[in-house]
Every structure is written in C-alpha cells, then in structure tokens.
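K.L.:
Just to be clear, the model below is a prediction. Sequence and coordinates:
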Amino acid sequence: MMKDEYSQLIDEHHKWLKGFEEERLRLWKKLCNANLEAALCEAATRKLLVGHGCDVEPFEDRASGGVDFKCSKNGNTFYVEATCITKEVASEQSGLTHLPNKASYYKFLTRTIWQELCNKTPQCSGLDTSCIVVIGTFHFQVGCRCFRDLAAEDLLTGKTYITQRIDTKSGEAVGEAYQSTKLESAAFIRPDKNSPNLFEHARCPISAVLLCSFGTDPIKTTGILHPDPNNPFNRDLLSDIKFCKLADGYKNGSLEVEWI
C-alpha cells in the first residue's frame, strides 16, 4: 500500500505542517483519506523545493483556495501549485502499466498535462510574482517514459507531424520531409482566433511547469518555461533542474526548443 511505502514522507509532512495553524494539518489528513496520491504529491513537492534550498510555507487560503506554497530563496519569492496525475489516469492515458511487464505501445500525456494546466490557470492568477505548477505522478513507467525531455518538448510545441509538400498535378512528394505542428495541446501558445496563420500566448499566469516522477528513484524533474508569462520565473532559483524553452525566433513560426 502507498501509505506504508511512503510512511516516512507522510511523517515528515505531518511534522512540517505542525509548525503552522492546526487546521492545515487537519485538512491535509482529510486529503490523504480522499485522494492519497494528491496528498503525497503535495508532500513530495514541498520536500523537493526544500531540497533545492527553498524556504517553503503553506499559502492556500483555507476558505477561498489558491496555490499551495509560497517559496523564498536568496531574497526572491515565488509560488507553487502542485497537482497529481494518478496511477489510474496515467495508465489509462498512456497505455502503460505501473510496473513493466512487456514491451507495449504508449503515448505521451501531453493532452492530459495540458488539461491540468488549463484547470490550474485560474488558481495561479492575480499573484504578485511568478508561479510554478508542479505536475507529479507516482506511476513508475509514466515517470520514466512520459516525463522525459521529449515529452517536455512536446508540451512546448504541441503534437508534431511529419509533413511533406505534394505536387497537386502529379501527386508526388516535393522536397524533404519536415516536422510541423497545429499547436494541439501546446502548453503556452495557441492559434490566434482572428488570424489562423498566427498564434497567441496562453495560460500566462503560469510562469513555468515542473514534471516530477515521484514514483522513480531517483526522482527526475524536468522544467518548462513559459515564453511570455505575466511574471517570468528566475530559473536560477532552481539551478539544478534542467529547463526547456522555445528558442528565439519562435514568433516567426520556427518552433525550436532549447535547454538551459
């Protein structure tokens, strides 16, 4: 059972929450009973941030909601909202079992992660500085395969296609094949409603995303930066984490990804 497997993480989070209002611990215990994976994701996110030298305090308003944590480091402040893709959802959307059993076809969780970002955007709105959304999973295979670098790049560009021009008279392919995208489920850009050949920025209250494979040892964390957020995130605050972003020139339609 996950409660036994992650008993140390649960105990650590209990002790941490005891340093704040008693109601916060009560609500987290309630979340443990309702959705253990979501509660563990919060605890694992707090531990991850502390491990990167951040001072972390709970921030969610017990009445109106909001983001989970307020973090401070080197005189800088940022906010963090944690969310979980459960093992059940991860298996359903990827086609992977939790533990390896045989080779099988699988797909990235781009659409699922995109939906999580859509859902979390209102919670991240109206803040006075940058906000990161941490998306975690305890699904072992999804953490290994669907939270890796290629999956992060897919989030920036949306689903990609192998494309080739066709001569309409002969029906034959012309030139070299190349990758293209319709920006389906792209995290931070979308087609402009008024100009289909252009795009606009989306989900701008979210400054960055962290994909965290909490079910693997060691945990793999991959960062994705919004190209034009309301409040840019200083990635140097999490300098040990590799981040990707859209390379300069993306506004001209060349959607290349670079890692920093």
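P.N.:
All right, it came through fine. Numbers count the residues shown, from 1 in each chain.

K.L.:
going forward, measure contacts and count neighbours with C-alpha atoms only.
P.N.:
Will do.

K.L.:
per-residue confidence at Ala63?
P.N.:
Looking at Ala63, its pLDDT reads 68.

K.L.:
All further residue positions should be reported with the first residue as 24.
P.N.:
I'll keep to 24 as the first residue from here, and by that count the last item is Ala86.

K.L.:
Following the chain past the longest helix along the chain, name the next helix or strand.
P.N.:
Ranked by number of residues, the top helix in the chain under DSSP state H is helix 59-74. Proceeding C-terminally, helix 59-74 gives way to strand 78-81 as the next helix or strand, assigned by DSSP states H and E.

K.L.:
Can you tell me what sits against that next one?
P.N.:
Residues from elsewhere that reach strand 78-81 (Cα atoms under 8 Å, 6 or more residues apart in numbering): Arg69, Leu72, Val73, Asp91, Phe92, Lys93, Cys94, Ser95, Lys96.

K.L.:
between those residues, which is nearest Leu234?
P.N.:
Distances from Leu234 to these, taken as Cα to Cα, are shortest for Leu72 (13.2 Å).

K.L.:
which sections of the stretch 24-173 of the chain are below the confidence cut-off?
P.N.:
Residue ranges of the stretch 24-173 of the chain with pLDDT under 70: 86, 126.

K.L.:
just the strands in it please.
P.N.:
Residue ranges of the strands in the stretch 24-173 of the chain, as given by DSSP state E, counting those that start in this stretch, are 78-81, 92-96, 99-107, 154-160.

K.L.:
Measure how the last one sits relative to strand 99-107, angle-wise.
P.N.:
Right, strand 154-160. Between strand 154-160 and strand 99-107, the angle comes out at 30 degrees (axes from the mean of the first three to the mean of the last three Cα atoms, to 10 degrees).

K.L.:
Perfect, that will be all.
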